[in-house]
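**Q** My questions concern the predicted model and sequence given below.
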Amino acid sequence: MDAVQQADSGHPGMPMGMADVATVLFSKFLKFDPSDPHWPDRDRFILSAGHGSMLLYSLLYLTGYADMTLDEIKHFRQLGSRTAGHPEYGHASGIETTTGPLGQGIADSVGFALAERHLRARFGADIVDHYTYCIAGDGCLMEGIGQEAVTLAGHLGLGRLVVLFDNNGISIDGPTSLSTSEDHKKRFLAAGWHVQEVDGLDQEAVTRAIRRARNVADKPSMISCKTIIGYGAPTKEGTAATHGSALGKEEVAGARQKLGWTAPPFEIPEPIFTAWRKIGARGKSQRRKWIKRHAEMAEGDRAEFDRGQKGGIPAAVDEAIRGFKRKMESEKPAWATRKSSQEVLEVINPVLPETLGGSADLTGSNNTKTTGLDIQTVADPAGRYVHYGIREHAMSAAMNGLALHGGVIPYGGTFLVFTDYARGAIRLSALMGIRVIYVMTHDSIGLGEDGPTHQPVEHLPALRAIPNMHVLRPADAIETAECWQIALETRTGPTILALSRQNLPTIRHAGDSNLCARGAYILAGEPADPIRLIASGSEVQLALGARDLLAKDGLKAAVVSMPSWELFGHQSDSYRNEVMGGDGTVRVACEAASGFGWERWLGTKGAFVGMSGFGASAKAADLYKHFGITAEAIASAARRLAQ
């Protein structure tokens, strides 16, 4: 109450209503040690109802996390504080994931629980043996991603996942009966969960319920905790008035009186403070025992476990990719880059056991499953491939949880157009700066007959607009291998691999260096050439064809392959000028997508050849001609500008 009141901003109701549940969880069950907040075998606590962030911040302070000080609590929601309006991963220890967009946390929790089960199967229960607890509210369960997450977790049988549902019956507009009448308990039961309901203000009842939930091995558990939002507020408890704003001085004073709390704002009586710090110290002995077991692991297993936790990539991956590139240069296959991606994974997955792949019911189209990847199931928790079903949003959020848990490198596939369904989670991947690899195939009108509903047009620029996101669109098998290497080595943000459905020729020499890592490079021609033909992915071959046409007219042009705007933007001015040419250079860009954003690269004498509207249903070759995305169109634009 005090932090929200001082900030005159925030959500006091949920923390007040769920305080008893959180007290039981932290004091009796949660395995953690604030002195080592990144201990790999700690339990994970996810506050999916992220608007109630003061509940989490209070718990972190009370239990002794060093970077959550009382001063941080006093500066709740202020610029530069660790106590943002919604929990932000990386702002303070003990914040396991960024939440706030409702439903994201419960879906992340699926990934956390899945990672625990998978790693326990790999390394044994002496090293990996923990639970994932999630507090979720009505909003989390109303969101579509919440339903996706619930059914996925139930199908996977994630027995170490416990969701504590803050069942207070209130949303921003008022009673939840205004907008929903479903029975959440029956819904979870139908999805294969173990379900209980308790009085969330009765700590003994909550204790018994959590204990029972922990003993269910093959089902996730949902405990519906009947609570009162804003519990203790004398005139506002149980109403939407406590949800999203400060209670007001009179209401806070009345709540103090009603709850028997006599301490001034931000002061914790010594006996209570000491009791909470003892709760925080409870996990030290468990951690010390774990350290001993970790030290007793076989040397090879321990090294592999530690490497996975640190997120390092073994040298064998670089060697495998180099060998693959040499093979592609020799064989020169004409593969769709989605096929190239699968072939790259065929050499990566055997030497990188941390990868955990999957697809949103498009395995055969995304080409995300490779030889030797068993299916992840209750019966085979060591399996490295997840059938996420038609749940693009939950897949993406679960991959966030997998990445945040540590020890695995998640990748998952769907069609590029369906990033619309997953965008909330994709954006959080970038906001948190975590390594999640999105394998997005069927990246243009080149997918053909499925038509404009499935043909992405605005998606590339929309994804490029997300800060801290790498959008990589390779032109052939060699570039695809280099883009996979970039994705694996980028540990500070997610990657979108935009891959073609249609076959593309091999246009690159292998070389020792990763040319795609610079974002763009001269594929054909010389820096002194007065014309630049710039393209990504499937349109690079068209730029090469246009260069040949211009050569017949005596015009010299350099072809620039540009798989990544973001990486190119980070290069030095001198390199960018060398690749793009100086002022006055004719620049024609070609991409089978919206031209939005290309003006950044086209200079004063530029033109764009691409899409200006939605696609159509036809064969890919016919569509390229119909929309004027051809070598002839590129050459014509260059001739016009060169006059």
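**A** Alright, I've got the coordinates.

**Q** Met611: what's it in contact with?
**A** 445, 457, 592-595, 627, 629 (CB atoms under 8 Å, 6 or more residues apart in numbering). C-beta coordinates here come from the backbone N, C-alpha and C atoms, glycine included.

**Q** if I look at Ala241, how far off is Thr235?
**A** 8 Å (CB to CB, to the nearest Å).

**Q** Tell me which residues of the strand or helix carrying Ala422 come out buried.
**A** Using DSSP states H and E, Ala422 sits in helix 419-432. Within helix 419-432, the residues scored as buried using 16 or more other CB atoms under 10 Å are 419, 421-432.

**Q** Farthest-apart pair in those residues, please.
**A** The distance between the two most remote of those (CB to CB) is 19.7 Å, for Tyr421 and Met432.

**Q** Quick one: the helices in the stretch 201-350 of the chain, in order.
**A** For the stretch 201-350 of the chain, helices defined by DSSP state H, counting those that start in this stretch occupy the ranges 203-214, 249-259, 270-281, 284-295, 299-310, 315-331, 337-348.

**Q** quick one, strands of the stretch 51-200 of the chain?
**A** 132-137, 161-167, 170-171, 174-175, 194-199 (DSSP state E, counting those that start in this stretch).

**Q** give me every residue that touches the residue nearest to Gly597 when sequence neighbours are not counted.
**A** In this structure, Gly597 finds its nearest non-sequential neighbour in Pro461, 4.7 Å apart by CB to CB, 6 or more residues apart in numbering. By CB under 8 Å, 6+ apart, the contact set of Pro461 is 593-594, 596-597.

**Q** Next secondary structure after the helix holding Ala422?
**A** Counting by DSSP H and E, what follows helix 419-432 is strand 437-441.

**Q** Report all helices and strands that that next one contacts.
**A** helix 337-348, helix 363-366, strand 409-415, helix 419-432, strand 495-498 (3 or more CB pairs under 8 Å, 6 or more residues apart in numbering; DSSP states H and E).

**Q** List the pairing partners of that strand within its sheet, with orientation.
**A** In the sheet, strand 437-441 lines up against strand 409-415 (parallel), strand 495-498 (parallel) (DSSP bridges).

**Q** what's the next secondary structure element after the shortest one?
**A** Next along the chain after strand 495-498, taking DSSP H and E as the criterion, comes strand 521-524.

**Q** Quick one: distance of stretch 507-527 to the chain centre.
**A** Centroid separation between stretch 507-527 and its chain, computed with CA atoms, centre = their mean, to the nearest Å, is 30 Å.

**Q** Name the nearest of the contacts of Met611 relative to Glu296.
**A** The nearest one, if we look at the contacts of Met611 relative to Glu296 and count by CB to CB, is Ala593, at 54.6 Å.

**Q** for the closest one, helix, strand, or coil?
**A** Look at Ala593: counting by DSSP: H, G, I helix; E, B strand; the rest coil, its state is strand.

**Q** before we move on, what about Arg587?
**A** Per three-state DSSP, Arg587 ends up strand.

**Q** quick one, what contacts it?
**A** By CB under 8 Å, 6+ apart, the neighbours of Arg587 are 531-532, 534, 580-581, 601-603, 605-607.

**Q** I'd say Gly52 and Met18 touch.
**A** Yes. Between Gly52 and Met18 there is a contact at 6.9 Å, judged by CB atoms under 8 Å.

**Q** And the nearest residue to Leu549 once chain neighbours are set aside, what's its pLDDT?
**A** Distances taken as CB to CB, 6+ apart place Ala635 nearest to Leu549, at 4.1 Å, with adjacent residues excluded. pLDDT for Ala635: 98.

**Q** In contact with Ala635, which residues?
**A** 546, 549-550.

**Q** follow-up on the earlier one: how about a markdown table for the contacts of Met611, with pLDDT added?
**A** Compiled in a markdown table, the contacts of Met611 are given as follows (pLDDT from 0 to 100):
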| residue | pLDDT |
| --- | --- |
| Ile445 | 98 |
| Val457 | 98 |
| Ala592 | 98 |
| Ala593 | 98 |
| Ser594 | 98 |
| Gly595 | 98 |
| Phe627 | 98 |
| Ile629 | 98 |
